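Q: Just a sequence and a predicted model for now, questions to come.
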Amino acid sequence: MLEFVEKGQGPALLFVHAFPFDHSMWDAQVRHLEARYRVITPDLPGFGLTPDRPWSIAGAGEELRELLDKLGVSACTVAGLSMGGYIAIPFTAKYPQRVSKLVLAHTRARSDTELEKAARNGMIATLGREGTATLPDKLLPRLLGSKASASVRESVRTRIAKVTVNAAVHAVEAMRDRGDSTALLGGIQCPVLVIAGDGDAIIKLEDSRNMAASLPKGTLEIIPNTGHLSNIEDPAAFNTALDRFL
Ligand code: MLT
């Protein structure tokens, strides 16, 4: 079972975090929404409050469904950022009745290419050799846009520094082994907000544009001057986009 934090009352919103973060990456969204919504922020295995173990993207979807069952939430808005989106897309396709609206931020439907899988294996080997000491320096330039402030850089660095080797390895394995969800997009009938950063080094703007176009009710919001973590880099703009969609 996934541990989680729940705040507020009202229509339920489920926020699924990115790698290598935890439920607290959504703090600015929770603060903004908790007066109007029931905001549920789970932790994937090894992150935040949930103990470490090997896991899979499809299995995490089953655990999200179990969490919604336990909380008595029959349907809600689901938001996934990057790794969270890798989980949210197949989850929505498998359990359409549980998802009234979907937010896909800085994420993609396709699986890893062979080159990307090799890079994941390289990262796993480095984690085994060096531990997590070099993780912040490696990830920061990929995660943040060039305009991210010093305080955002510092806070993201601190978050990454909390990660354990085993949690990082298990999440990288889960992402490496995820299935391809591209063919599922056309069958997702609920409204979907695709959020992109114009400086995202991991998800190209063109890919987000194409994903939005492949979704029957997809719309695209580009958050200017942000990289891969627009909800942290520019929470006001991200929250405004959420408000408009919700
Ligand atoms: C994430 O932000 O969740 C990861 O960087 C995504 C990835 O490595 O594919």
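A: Received, thanks.
Q: I'd like to know which residues of this structure are adjacent to the ligand.
A: Residues of the chain lying close to the ligand by C-beta under 6 Å from any ligand atom are Ala18, Phe19, Ser82, Met83, Met175, Ile202, His228. To be clear about C-beta, it is placed using only N, CA and C from the backbone, and glycine gets the same treatment.
Q: try 8 Å
A: Residues of the chain lying near the ligand by C-beta under 8 Å from any ligand atom: 17-21, 81-84, 86, 106-108, 112, 116, 120, 139, 142-143, 172, 175, 202, 228-229.
Q: Of those residues, which belong to helices?
A: Met83, Gly84, Tyr86, Glu116, Arg120, Leu139, Arg142, Leu143, Val172, Met175 (DSSP state H).
Q: Quick check on the residues of the chain next to the ligand: which are buried?
A: Neighbour counting over the residues of the chain next to the ligand (16 or more other C-beta atoms under 10 Å) leaves 17-21, 81-84, 86, 106-108, 112, 120, 139, 143, 172, 175, 202, 228-229 as the buried ones.
Q: just the helices in the protein please.
A: Using DSSP H, helices in the chain cover 27-33, 57-71, 83-94, 114-130, 135-143, 150-161, 165-176, 205-214, 230-233, 235-245.
Q: looking at those helices, which is closest to Leu44?
A: Nearest to Leu44, of all these, is helix 57-71, at 6.0 Å by C-beta to C-beta.
Q: From the contact counts, what lies against the closest one?
A: On a contact count with 3 or more C-beta pairs under 8 Å, 6 or more residues apart in numbering; DSSP states H and E, helix 57-71 meets strand 12-16, strand 38-42, helix 83-94, helix 165-176.
Q: Switch the ones you listed over to JSON lines; also include mean pLDDT.
A: As requested, these are exported to JSON lines (pLDDT from 0 to 100):
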{"stretch": "strand 12-16", "mean pLDDT": "99"}
{"stretch": "strand 38-42", "mean pLDDT": "99"}
{"stretch": "helix 83-94", "mean pLDDT": "98"}
{"stretch": "helix 165-176", "mean pLDDT": "98"}
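Q: can you list these in CSV and add distance to Ala213?
A: Formatted as CSV, these follow (distance: least, C-beta to C-beta, whole Å):
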stretch, distance to Ala213
strand 12-16, 23
strand 38-42, 29
helix 83-94, 15
helix 165-176, 24
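Q: for those, which one sits closest to Pro235?
A: strand 12-16 (12.9 Å).
Q: elements contacting the closest one?
A: helix 27-33, strand 38-42, helix 57-71, strand 76-81, helix 83-94.
Q: just so I know, which of those lies nearest Thr240?
A: helix 27-33 (9.4 Å).
Q: contact partners of the closest one?
A: 5, 7-8, 13, 15, 39, 41, 231-232, 235, 238-239, 242 (C-beta atoms under 8 Å, 6 or more residues apart in numbering).
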